[in-house]
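> need the 3D shape of this:
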Amino acid sequence: MYKNDIQETNNVLGIEAARQCIYNELDESFESYINYHHLSLLCDRMTATKKMVSVFRHGINNDNIGPIAKASFEETSEMFAKAAKHGELDELTGISSNIMCGQMGNYGTSAFNVYLNMNEYYHQDDDNDDVSSDEDENDDDRLMKIQSEINNEKNSDIDEIKKSKMKNDNTVEDNLVALIAKIGEKITIGKTKTISNSSSTNYQYLHTVVKDNLAKLAVVVSLETKDQSETVKNFGKQLSMHIAASNPIALDSSLIDKEILDKEQKLITEELKNSGKPEDIAKKISLGKMNKFKEENALLTQAWVMEPKKKVQDVLKELSIADLKIKEFYRIKIGE
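Predicted coordinates for the structure are as follows:
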């Protein structure tokens with residue numbers, strides 16, 4: 001049995017039955033050349049408030065959907081004037097209102113936040129460190145560990161490291177050659193760094209840990225302060241992770257190498273030269289791009305990874321530790 005009296009269907013069988021009745025009428029009227037999902041969405045909108053609403057301005061705009069969403073449907077100026085007259089508030093909970101304001105709404109991938117439990121993350125790294133044992137250690141693992149010890153003794157002088165003798169009375173360089181011959185892969189000492197300061201504390205972060213303090217990316221950051229609280233320790237660990245993710249060039253924009261700045265300036269100049277913009281405007285754009293480059297590549301002015309609306313220097317200031325300073329940092333990655 002089928003009845004096309006939608007109001008009576010709603011009164012007797014409820015809003016779901018009325019929705020199906022509306023869909024049947026629309027489907028028959030459009031002869032099914034409109035996709036099912038379009039018609040279904042329209043029916044849902046007409047019955048979402050548990051009563052039937054017409055799909056034109058006198059129907060939808062009577063719903064409590066906020067003045068901005070109402071303004072998106074046929075009567076823009078009238079809706080804004082009415083909202084201003086009555087002091088209406090729009091909390092921007094809908095899709096249309098957020099799109100009109102050019103911002104992300106509380107829907108889709110924006111309907112939730114991603115939370116990283118830092119404590120669990122650190123413990124996970126500790127667990128990974130405990131997995132390996134000396135029995136599992138191979139030749140290249142041992143060689144890297146011994147080289148790290150020698151590196152500290154030779155203060156990161158690569159030439160001196162290569163000449164240094166290991167326990168088998170062969171130099172580091174000779175042992176490298178022997179290992180290359182054994183495994184058939186090229187191995188070189190790329191970058192080395194020693195951070196030593198009696199007045200500061202070093203914090204490290206290892207990313208993609210292979211085995212027992214061996215990783216594909218490592219960060220060391222040195223903080224100077226007399227405060228040894230958990231707050232400082234957590235900041236040191238988080239700052240190390242930030243450096244791993246953001247890859248800053250220098251601590252402050254004034255410390256960025258001139259050669260890097262000149263190279264970036266050359267790229268910007270070439271880009272603007274090909275754009276055909278007037279010289280005075282091109283100079284202003286060039287200045288803005290260079291300032292942005294400095295800001296994004298200096299650690300203190302970078303957006304804080306854990307809370308991008310803040311900069312690293314803002315987070316440092318919020319800790320309210322007067323003598324806390326970032327002395328230096330170093331980021332090293334295989335292949336760079």
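> quick one, helices of the stretch 51-200 of the chain?
Applying DSSP state H, counting those that start in this stretch to the stretch 51-200 of the chain gives helices spanning 57-60, 67-71, 76-86, 95-100, 118-131, 139-153, 158-163, 172-183.
> pick out the shakiest of those helices, pLDDT-wise.
Per-stretch averages of pLDDT across the helices of the stretch 51-200 of the chain put helix 118-131 at the bottom, with a mean of 52.
> can you verify my assumption that residue 290 contacts residue 262?
No: counting by C-beta atoms under 8 Å, residue 290 sits too far from residue 262 to count as a contact (10.6 Å). Where you see a C-beta, it was placed from the backbone N, CA and C, and this is true even at glycine.
> compare the two (neighbour count), which wins?
It is residue 290, of residue 290 and residue 262, that has more neighbours when counted by other C-beta atoms under 10 Å, with 15 against 10.
> what sits against that one?
Going by C-beta atoms under 8 Å, 6 or more residues apart in numbering, residue 290 touches 261, 264, 265, 268.
> list only buried entries from these.
When the contacts of residue 290 are checked for burial by 16 or more other C-beta atoms under 10 Å, the buried set is 261, 264, 268.
> for the first one, give me the pLDDT.
Residue 261 is assigned a pLDDT of 93 by the prediction.
> which one is residue 226 nearest to, not counting chain neighbours?
When the adjacent residues along the chain are set aside, residue 226 lies closest to residue 323, with 5.9 Å between them (C-beta to C-beta, 6 or more residues apart in numbering).
> mind pulling the model confidence for that neighbour?
According to the predicted model, the pLDDT of residue 323 comes to 90.
> three-state assignment of it?
Secondary structure for residue 323, judged by DSSP: H, G, I helix; E, B strand; the rest coil, is coil.
> with just CA atoms, put stretch 258-265 into PDB.
Once non-C-alpha atoms are left out, stretch 258-265 reads as follows in PDB (Å, rounded to 0.1, in the frame of the first residue of the first chain):
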ATOM      1  CA  LYS A 258      75.400  34.300   4.700                       C
ATOM      2  CA  GLU A 259      76.000  31.800   1.900                       C
ATOM      3  CA  ILE A 260      72.600  30.200   2.500                       C
ATOM      4  CA  LEU A 261      70.900  33.600   2.600                       C
ATOM      5  CA  ASP A 262      72.600  34.600  -0.600                       C
ATOM      6  CA  LYS A 263      71.500  31.400  -2.300                       C
ATOM      7  CA  GLU A 264      67.900  31.900  -1.200                       C
ATOM      8  CA  GLN A 265      68.000  35.600  -2.300                       C
END
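> outline the domain layout of the protein.
Listed by automatic domain parsing, the domain ranges of the chain are 6-110, 118-183, 205-333.
> turn the ones you listed into TSV, including distance to residue 199.
TSV is the format used below for these (distance: least, C-beta to C-beta, whole Å):
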stretch	distance to residue 199
domain 6-110	45
domain 118-183	18
domain 205-333	6
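> so which of these is nearest residue 193?
Each of these has some distance to residue 193 by C-beta to C-beta; the shortest is domain 205-333, at 4.4 Å.
> any low-confidence regions in this protein?
Per-residue confidence of the chain (counting by pLDDT under 70) places the weak regions at 1-2, 31-32, 56-64, 73-74, 109-156, 190, 210-213, 335-336.
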